[in-house]
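In: could you work out the structure for the sequence below:
(2 chains)
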Amino acid sequence: MALLQVRGLKVAYGGIRAVRGIDLDVDDGELVCLIGANGAGKSSTLRGITGLVHASGEIRLAGKRLGGLPTHAIAREGVALVPEGRGIFARLQVWENLAMGAYARRDKGVDEDLARVYELFPRLAERRQQIAGTLSGGEQQMLAIGRALMSRPRLLLLDEPSMGLAPLMVRKIYDTIQAIARQGVTILLVEQNAHLALQVSARAYVMESGGITLAGTSGELASDPAIQAAYLGS
Amino acid sequence: MDIFIQQLINGLVLGSIYALVALGYTMVYGILELINFAHGEVTMIGAMVALAVIGAIAGSALDLPGLLVVLAGVLVAIPACMLLGFTIEKVAYRPLRRAPRLAPLITAIGVSIVLQNSAMLIWGRQYVSFPPLIPQNSHEILGAHITDLQIFIILLSTLIMAGLWLLVQQSTLGRAMRATAQSKEVAALMGVNVDRVISATFLIGSALAAIAGVMVSAYYGLAHYYMGFMLGLKAFSAAVLGGIGNIAGAMLGGLLLGVIEALGAGYIGDLTGGFLGSHYQDVFAFFVLILVLVFRPSGLLGERVASRA
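Out: Just a heads-up that it's a prediction; the model follows:
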């Protein structure tokens, strides 16, 4: 059974239906991406899964229903979201942000994971005492990802990690995402930049006006003429 | 010169009390962006409950040392105020968490009126006097007088503020409070139970208010169902002076406001040739509030501009 199983997920803001009943699966250890244009409902899907907005339908993590749980309880089940715009705690120091990532953990592996995050992002180690708001955009994205890893998530949700970053930094972040995936972390990646997302992921879903219009392996989708015309600009 | 030192001491005592109350305003504002106008009333309830306990013990056959009686009053007032603050948040503010900002603000004013009138019904309209249980030993420094009580108020407030600072800066709860103040959504994504953090904030703020309430009633020797109004406004001014939402700002703002007020009251007679007397003391707090709002709306240590309500 899939680690994340979403069936008939609907999210609405007032009368506007942002997500209109989608099904999606992410298997254990998989890197799956959800691509689509601005406003297709990708972020709303992630917000629905994490309980940040009210969602109907069924969401299961390793068989356990998440629907209706408050956000903090879903986080404690092992779902970590790196939100759009990164959402770092700008007035906290870098290490305090990372400590917040491990907030719900009571086990002894926290220090070990902190060392691993610093190894993954040496820049953060150099700046551990710095106020997070003074970091560059790329460093803030590293911090947001590192903070999510500190919870030792069973499922990592990434919302537009390339947004607003210089091309070089985007490359760096994507290398890291691949490295994290290779370590066995299950990832659902939401991205407008379809080219990038299809390169790193194994499977992909294409979202359009609140529904999933296509699904398949990333290789298939990347060579699909309709996808190429609509999202890859060729 | 000696009047300067004397008023400085008086100002520091008053300022310590303002700071304790201002912390309650600023912590709640930091997290909810709500000006909890009922906070002054929580301080008043703290004083009233403590005095009721003190009065009951002092009037009974028990012959306990005075300070022990006062301590008993404080120890009852703290949990009473914590329960009150917790309940106010849960009943009056939590249902309005997603409402427009004006709704909880008006509710806060409503809660404040309810508390005032309840206190009036329970304890009456007359001033309740603080029994003479605390020895009034006075010491002389640099030509000014300072009583044991004044020393005690300054020391205890300093200790409490240092403790609070440690809690907020060093503990896991404090870190969660600061994170929640920046983004409730992201804090929840970290597994923080935001409702609990908000409750904790009200519990801590109310405990400080209870202590401040007992201090102020011991200092002036009386308590009254209406005392929370002016005290609350002054503490709110102190919080704005320091930069509302900023904990160090509330401490600094409280002390500064107390000193400004005391010095103002000490010199206003001389400055106006006797036209205005020291009973114009209250004017200074609000004069300072206006100056801050005009020239530095984000306060001395504030980073954000408190732009709305």
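
In: and residue A:19, how many neighbours does it have?
Out: By other CB atoms under 10 Å in any protein chain shown, the residues close to residue A:19 number 29. Every residue, glycine included, has its C-beta placed from N, CA and C.

In: any idea how many residues pack against the nearest residue to it once chain neighbours are set aside?
Out: Excluding the flanking residues, the one nearest residue A:19 by CB to CB, 6 or more residues apart in numbering or on different chains is residue A:11, at 4.0 Å. Using other CB under 10 Å, residue A:11 has 26 neighbouring residues.

In: of all of chain B, which residue lies closest to chain A?
Out: When scored by CB to the nearest CB, chain B has residue B:191 as its residue closest to chain A, at 3.1 Å.

In: secondary structure class for that residue?
Out: Here residue B:191 is coil, with the state taken from DSSP: H, G, I helix; E, B strand; the rest coil.

In: list the contacts of it.
Out: A:72, A:75-76, A:103-104, A:151 (CB atoms under 8 Å, 6 or more residues apart in numbering or on different chains).

In: element containing whichever residue of chain A sits closest to chain B?
Out: Closest approach between chain A and chain B, counting by CB to the nearest CB: residue A:104, at 3.1 Å. For residue A:104, there is no enclosing helix or strand under DSSP states H and E.

In: is it true that it touches residue B:193?
Out: No: with contact defined as CB atoms under 8 Å, residue A:104 does not count as touching residue B:193 (9.3 Å).

In: any shared contact partners between the two?
Out: Joint contacts of residue A:104 and residue B:193 (CB under 8 Å, 6+ apart) are residue A:72.

In: poorly predicted segments of chain A, please.
Out: Within chain A, the segments meeting pLDDT under 70 span A:233-234.

In: swap in 80 and give it another go.
Out: Within chain A, the segments meeting pLDDT under 80 span A:1, A:231-234.

In: max-length helix in it?
Out: As assigned by DSSP state H, the longest helix anywhere in chain A is helix A:167-182.

In: spatially central residue in chain A, please.
Out: Computing the C-alpha centroid of chain A and ranking residues by CA atoms, centre = their mean puts residue A:158 first, at 1.5 Å.

In: before we move on, which element is the closest residue to residue A:133 other than its chain neighbours in?
Out: The spatially closest residue to residue A:133, leaving aside those adjacent along the chain, is residue A:90, at 3.3 Å (CB to CB, 6+ apart). Per DSSP H and E: residue A:90 is located in neither a helix nor a strand.

In: near chain B, which residues of chain A show up?
Out: Counting by CB under 8 Å from any CB of the partner chain, chain A comes close to chain B at A:50, A:52, A:70-72, A:75-76, A:80-81, A:83, A:87-92, A:96, A:99-101, A:103-104, A:147, A:151.

In: and residue B:65, how far from residue B:72?
Out: 11 Å (CB to CB, to the nearest Å).

In: who has more neighbours out of the two?
Out: Using other CB under 10 Å, the more surrounded residue of residue B:65 and residue B:72 is residue B:72, with 17 against 9.

In: show the pLDDT at the residue of chain B closest to chain A.
Out: Looking at residue B:191, its pLDDT stands at 96.

In: which ones among the residues of chain A next to chain B lie within helices?
Out: Among the residues of chain A next to chain B, the members falling in helices (DSSP H) are A:71-72, A:75-76, A:96, A:99-101, A:147.

In: which stretches of chain A form helices?
Out: All helices of chain A, identified by DSSP H, fall at A:42-49, A:71-76, A:94-101, A:110-120, A:122-126, A:137-149, A:167-182, A:194-200, A:218-223, A:225-227.

In: poorly predicted segments of the stretch 51-200 of chain B, please.
Out: For the stretch 51-200 of chain B, the stretches with pLDDT under 80 are B:61-63.

In: if we go to 70?
Out: Using pLDDT under 70, nothing in the stretch 51-200 of chain B is flagged.

In: enumerate the residues of it near chain A.
Out: B:172, B:175-176, B:178-179, B:182-183, B:185-194.

In: how about the helices of the stretch 1-150 of chain B, start to end?
Out: For the stretch 1-150 of chain B, helices defined by DSSP state H, counting those that start in this stretch occupy the ranges B:2-32, B:39-59, B:66-88, B:102-123, B:148-170.

In: just send the ones you listed back as JSON lines, with distance to residue B:241 too.
Out: Below are the helices of the stretch 1-150 of chain B laid out as JSON lines (distance: least, CB to CB, whole Å):
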{"stretch": "helix B:2-32", "distance to residue B:241": "9"}
{"stretch": "helix B:39-59", "distance to residue B:241": "16"}
{"stretch": "helix B:66-88", "distance to residue B:241": "23"}
{"stretch": "helix B:102-123", "distance to residue B:241": "20"}
{"stretch": "helix B:148-170", "distance to residue B:241": "16"}
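
In: contacts only, for residue B:126.
Out: residue B:224.

In: next up, phi/psi of it, please.
Out: phi -80, psi 160 (degrees, to the nearest 10).

In: can you show me the helices along the stretch 201-309 of chain B?
Out: Counting by DSSP H, counting those that start in this stretch, the stretch 201-309 of chain B has helices at residues B:227-242, B:247-271, B:281-295.

In: please state the offset of the second one from the chain centre?
Out: How far helix B:247-271 lies from its chain's middle: 15 Å, per CA atoms, centre = their mean, to the nearest Å.

In: can you check the shortest one too?
Out: Between the centre of helix B:281-295 and the centre of its chain there are 18 Å (CA atoms, centre = their mean).

In: tell me which residues of stretch B:51-64 come out buried.
Out: B:51-55, B:57-58 (16 or more other CB atoms under 10 Å in any protein chain shown).

In: let me fix that: stretch A:61-71
Out: Here stretch A:61-71 shows A:61, A:66-67, A:69, A:71 as buried, counting by 16+ other CB under 10 Å.

In: please name the nearest non-neighbouring residue to residue A:163.
Out: Nearest non-adjacent residue to residue A:163, counting by CB to CB, 6+ apart: residue A:84, 6.8 Å away.

In: pretty sure the one you found sits against residue A:44.
Out: No: contact between residue A:84 and residue A:44 fails when scored by CB under 8 Å: they sit 10.6 Å apart.

In: looking at those two, which one has more neighbours?
Out: Between residue A:84 and residue A:44, counted using other CB under 10 Å, residue A:44 has the larger neighbour count: 24 against 16.

In: what sits against the more buried one?
Out: Residues counted as contacts of residue A:44 (CB under 8 Å, 6+ apart) are A:11, A:13, A:18-19, A:53, A:210.

In: same thing but at 7 Å, please
Out: Residues counted as contacts of residue A:44 (CB atoms under 7 Å, 6 or more residues apart in numbering or on different chains) are A:11, A:18-19, A:53.

In: what of residue B:136?
Out: residue B:147.

In: neighbouring contacts of stretch B:141-158?
Out: B:2, B:5-6, B:9, B:12-13, B:16-17, B:19-20, B:134-139, B:215, B:218-219.

In: would you mark the buried spots in that stretch?
Out: Across stretch B:141-158, burial judged by 16+ other CB under 10 Å covers B:144, B:146-147, B:149-150, B:153-154, B:157.

In: and for stretch B:259-272?
Out: Of the residues in stretch B:259-272, B:259-266, B:268 count as buried by neighbour count, 16+ other CB under 10 Å.

In: check stretch B:157-168 too.
Out: Neighbour-count burial for stretch B:157-168, counted by 16+ other CB under 10 Å, picks out B:157, B:160-161, B:164, B:168.

In: narrow the residues of the stretch 51-200 of chain B next to chain A to those in helices?
Out: Among those, the residues falling in helices (DSSP H) are B:172, B:175-176, B:178-179, B:182, B:185-189, B:194.

In: wait, residue A:20 touches residue A:210, no?
Out: Yes: with contact defined as CB atoms under 7 Å, residue A:20 reaches residue A:210; the gap is 4.0 Å.
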